[in-house]
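**Q** Build me a structure from this.
(chains A, B, C and D)
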2 protein chains.
Amino acid sequence: MNQQAIEDYLKTIYLLEQTESPVSTSRIAEARQVRPSSVTNMVKRLYDRDLVHYRKHYGVTLTDEGQVIALEMLRHHRLLELYLTQELGFGWDEVHEEADALEHVISEKLEERIAALLDHPQFDPHGKPIPARDGTMIEVDCQPLTQLAQGDSGIVSRIDDDTNSELLRYLEQLGLMPGTDIQVTKVTPFDGPITAQVNNEQIVVGHKAADNVYIKKQ
Amino acid sequence: MNQQAIEDYLKTIYLLEQTESPVSTSRIAEARQVRPSSVTNMVKRLYDRDLVHYRKHYGVTLTDEGQVIALEMLRHHRLLELYLTQELGFGWDEVHEEADALEHVISEKLEERIAALLDHPQFDPHGKPIPARDGTMIEVDCQPLTQLAQGDSGIVSRIDDDTNSELLRYLEQLGLMPGTDIQVTKVTPFDGPITAQVNNEQIVVGHKAADNVYIKKQ
DNA sequence: TTATAATTTTAGGCATAACTAAATTATTAT
DNA sequence: ATAATAATTTAGTTATGCCTAAAATTATAA
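**A** Numbers count the residues shown, from 1 in each chain, chains lettered A, B, ... in the order given. Coordinates of the predicted model:
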């Protein structure tokens, strides 16, 4: 079993656990784009290594040991994304794949140097929290733009699907990046578009895109 | 056949070809620490992919296509070594392993950004030439310190074995780093130590270490 | 309780990449 | 030229990793 595959599975399980825990094999299969039987096999091997708890027909959760590895990958990934944008001029829509490959390869020493150089940052370019070395992570109370009501205002906190370059480029055009102030001007029913005030401009954004934009209400 | 294994074999073959070409399977086996028969198998697969020329019982050389990949890896490796020392505070004795892992993973885009940020450098921290994107590379006419005679002077050009951290730390202590002026004060027979003037100090360096220090005579 | 859906088991595929031992080929010394 | 030696290749084996389809099992909800 190679380390990269282990790390990818653990990361997937970690992220799925944020929504529902325990995680079913079919959810993992879906996320990893393999068959459920492949997942069952892999999960057994992860279980043999004490990286997950596993009860048949019930689900999977990470052990402490498994979570340490998952968080390490998440830390690597998000630090790298920030590093690439801040220090190497990458766009926030270009960093996901690069970080996905690099996260498995950088040493702890390099991780630490990058973190220090960036002044131990708390968030990646998409507003996602970067786990600290001890596994702790800031939680921001926020909600999708689609759930705000007319008149509500707040600050863009994070973009949910940070793997979708096209979406990111679109949101950037609209100015919907973490830290931006936003006030909802108008909402429309039946998952219709949302109108909002952003950077002193009126913007209109479709429901699907808006669903990825999480706002911290004020 | 995974890409990393291919790249490692091609890099090995490239480096061995600098000394003698064609390269025998046993030389490759020695360099890669595997059995000659394993190399024969691998070489056949490389041949199937047009990455090497291969004649049984005769030897192996890189095809153009193979050389492109080998040089790309060398470029990645050396750029990364320089980047890690210049931008991330790594010592020249700490970068080899990190670069060895990263070289297979960075994208062309990241390579280019790193190169640009470093102002398209020509040499890595050990004085080795960095291949340009088109495969060209500066050649420096230099020779091992052990081959200089008393009174000869020059500039340290490069360190041959850049994988040996201990050696690199030792040479750094002595001030024997690329760019340093050096004048040979005394040589001793039977592979004995060499005395030289470096940074206004007299230093004594053993034959084995000196053999790794290449000098550009003036 | 029985049908349906989800999950697991089984058995095997396919690729990589190493190894050993035996056979073959090339080189060297007589 | 030939025998001895060295280098190389062949053939077969081992081990790993990750996947799949199909069959069997288990959970669940009507």
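**Q** who touches A:Val23 in this structure?
**A** Contacts for A:Val23 (C-beta atoms under 8 Å, 6 or more residues apart in numbering or on different chains) come out as A:Ile13, A:Leu16, A:Glu17, A:Gly59, A:Val60, A:Thr61. The way it works is simple: take the backbone N, C-alpha and C, and place the C-beta from them, glycine included.
**Q** what residue ranges in chain A score low on pLDDT?
**A** Along chain A, the model assigns pLDDT under 70 to residues A:1.
**Q** just the helices in chain A please.
**A** A:3-19, A:25-32, A:36-48, A:64-88, A:95-102, A:108-117, A:165-174, A:207-210 (DSSP state H).
**Q** okay, now A:Leu88: neighbour count?
**A** For A:Leu88, the neighbour count with other C-beta atoms under 10 Å in any protein chain shown is 19.
**Q** likewise A:Val105?
**A** 19.
**Q** for the contacts of A:Val23, which one is nearest DNA strand D?
**A** Nearest to DNA strand D among the contacts of A:Val23, counting by C-beta to the nearest atom of the strand, is A:Gly59 at 10.0 Å.
**Q** dump the residue contacts of the nearest residue to that closest one once chain neighbours are set aside.
**A** Nearest residue to A:Gly59 in three dimensions, chain neighbours excluded: A:Pro22, at 2.8 Å (C-beta to C-beta, 6 or more residues apart in numbering or on different chains). By C-beta under 8 Å, 6+ apart, the residues touching A:Pro22 are A:His53, A:Arg55, A:Tyr58, A:Gly59, A:Val60, A:Thr61.
**Q** Likewise for A:Leu171?
**A** Residues near A:Leu171 by C-beta under 8 Å, 6+ apart: A:Ile159, A:Met177, A:Ala209, A:Asn212, A:Val213.
**Q** how about the nearest residue to A:Glu94, chain neighbours excluded?
**A** A:Ser165 (7.0 Å).
**Q** That neighbour reaches A:Val95, doesn't it?
**A** No: using C-beta atoms under 8 Å, A:Ser165 makes no contact with A:Val95, being 9.5 Å away.
**Q** neighbour count winner among the two?
**A** A:Val95 (27 against 15).
**Q** Next one: the more buried one relative to chain B, how far apart?
**A** 10 Å (C-beta to the nearest C-beta, to the nearest Å).
**Q** What separation is there between that residue and A:Ala5?
**A** From A:Val95 over to A:Ala5 the distance is 23 Å, taken as C-beta to C-beta, to the nearest Å.
**Q** Of the contacts of A:Leu171, which are in range of DNA strand D?
**A** Taking C-beta under 7 Å from any atom of the strand as the test, DNA strand D is in contact with none of those.
**Q** Need these in TSV (columns: neighbour count and distance to B:Asp48).
**A** Output for these, formatted as TSV (neighbours: other C-beta atoms under 10 Å in any protein chain shown; distance: C-beta to C-beta, whole Å):
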residue	neighbour count	distance to B:Asp48
A:Ile159	23	45
A:Met177	19	49
A:Ala209	21	47
A:Asn212	22	45
A:Val213	29	50
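**Q** So which of those is the closest to B:Leu46?
**A** Among these, A:Ile159 lies closest to B:Leu46 (C-beta to C-beta), at 43.3 Å.
**Q** number of nearby residues for A:Tyr58?
**A** Residues lying near A:Tyr58 (other C-beta under 10 Å) number 10.
**Q** For it, which residues are in contact?
**A** A:Tyr58 neighbours (C-beta under 8 Å, 6+ apart): A:Pro22.
**Q** ok, whatever residue of chain A ends up closest to DNA strand D - contacts?
**A** Chain A approaches DNA strand D most closely through A:Ala5 (2.4 Å), counting by C-beta to the nearest atom of the strand. Counting by C-beta under 8 Å, 6+ apart, A:Ala5 makes contact with A:Met42.
**Q** From A:Arg78, how far off is it?
**A** Applying C-beta to C-beta, the value for A:Ala5 to A:Arg78 is 21 Å.
**Q** what do you get for A:His126?
**A** A:His126 sits 9 Å away from A:Arg78, going by C-beta to C-beta.
**Q** near DNA strand D, which residues of chain A?
**A** Residues of chain A found near DNA strand D (C-beta under 7 Å from any atom of the strand) are A:1-2, A:4-6, A:32, A:34-35, A:37-38, A:41-42, A:45, A:56-57.
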